[in-house]
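Trainee: Have a look at this prediction, sequence included:
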Amino acid sequence: MTKPVKRHPHEHAVAIRYQQRSAEVRALQRQSYALATLRLRDAVAANGGSGAGLAVVSDIDETILDNSAVMAHAMVQGRRDNVETWKLWEREGDPHLIPGAADFFALADRLGVTIFYVSDRFNENKLATIATLSRLGLPQVSADHVQLFGPPKAERRAAIERNHRIVLQLGDTLHDFHGAFAGVTLEDQHRLTEDHAGRFGEDWIVFPNAAHGTWMEADLRPWNVPT
């Protein structure tokens, strides 16, 4: 039996370097938005060429906004997850848009598709988040369309579906797409991913995030070299 290997202390630094500095992450982000654009156009065409009644639901962090600067700050300070630092970043930070985000959301707006920004950012900082999204030129940024931490994301999506048909969801963690992924084991997440395999790349578009996730404490499973 292979003995599990625990995560080494430097791994988080490697993940943040990949997320912030690698050209591969930028390529993957552009690729995700390119695919989202194709799916959006298809959905509008299938709706008679109009976006009326259709909605896009998107996470914010590491899907629209690049927050790698605050991740790097926490890393060099020797802290991984500091809630107060994150709250300060929400209020006063200067994230930039992930490549492809501006063009995609501008297109959705032009096509008449309703956009909802559904995030687990702190609701106490909602005005700051709205200000950040507005400063970066994103469309349809209002109190009704920016829905932050409170009810589970599944409940927020269900409320949106009462008046809209969600044709596309964007996110970097699996609970951005379906409530079944929230709070379950990693093994269950893998099983659910298989169960919903047909939705990835269709109406679910996943963005890369190597620096955060429920998998971060998972044991490695190395090759057991034959002797």
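Mentor: Ah, there it is.

Trainee: isn't G137 right up against D103?
Mentor: No. Taking contacts as Cβ atoms under 8 Å, G137 lies outside contact range of D103: 10.8 Å. Heads up, the C-betas are built off the backbone N, CA and C, glycines and all.

Trainee: I'd like the distance between the closest residue to A102 other than its chain neighbours and E62.
Mentor: Spatial nearest neighbour of A102, excluding adjacent residues (Cβ to Cβ, 6 or more residues apart in numbering): G137 at 6.3 Å. Here the criterion is Cβ to Cβ, to the nearest Å. By it, G137 lies 19 Å from E62.

Trainee: Looking at these two, which is more packed in?
Mentor: Neighbour count, other Cβ atoms under 10 Å: between G137 and E62, E62 has more, with 24 against 12.

Trainee: Pull up the gap between the more buried one and V70, please.
Mentor: 11 Å.

Trainee: cool, and E155?
Mentor: Taking Cβ to Cβ, one finds E155 at 28 Å from V70.

Trainee: For stretch 56-73, buried residues please.
Mentor: By neighbour count with 16 or more other Cβ atoms under 10 Å, stretch 56-73 contains the buried residues 56-68, 70-73.

Trainee: cool, stretch 91-105 as well?
Mentor: Buried, per 16+ other Cβ under 10 Å, within stretch 91-105: G93, P95, L97, I98, P99, G100, A101, A102, F104, F105.

Trainee: Could you do stretch 192-203 as well?
Mentor: For stretch 192-203, burial by neighbour count (16+ other Cβ under 10 Å) applies to L192, D203.

Trainee: Could you give the average pLDDT over it?
Mentor: For stretch 192-203, mean pLDDT is 98.

Trainee: start at 43 instead
Mentor: Yes, from this point I'll number from 43; that puts the last item at stretch 234-245.

Trainee: Go ahead and name everything in contact with it.
Mentor: Outside stretch 234-245, the residues that touch it by Cβ atoms under 8 Å, 6 or more residues apart in numbering are 77, 81, 85, 208-211, 216, 219-220, 222-223, 226, 246, 248.
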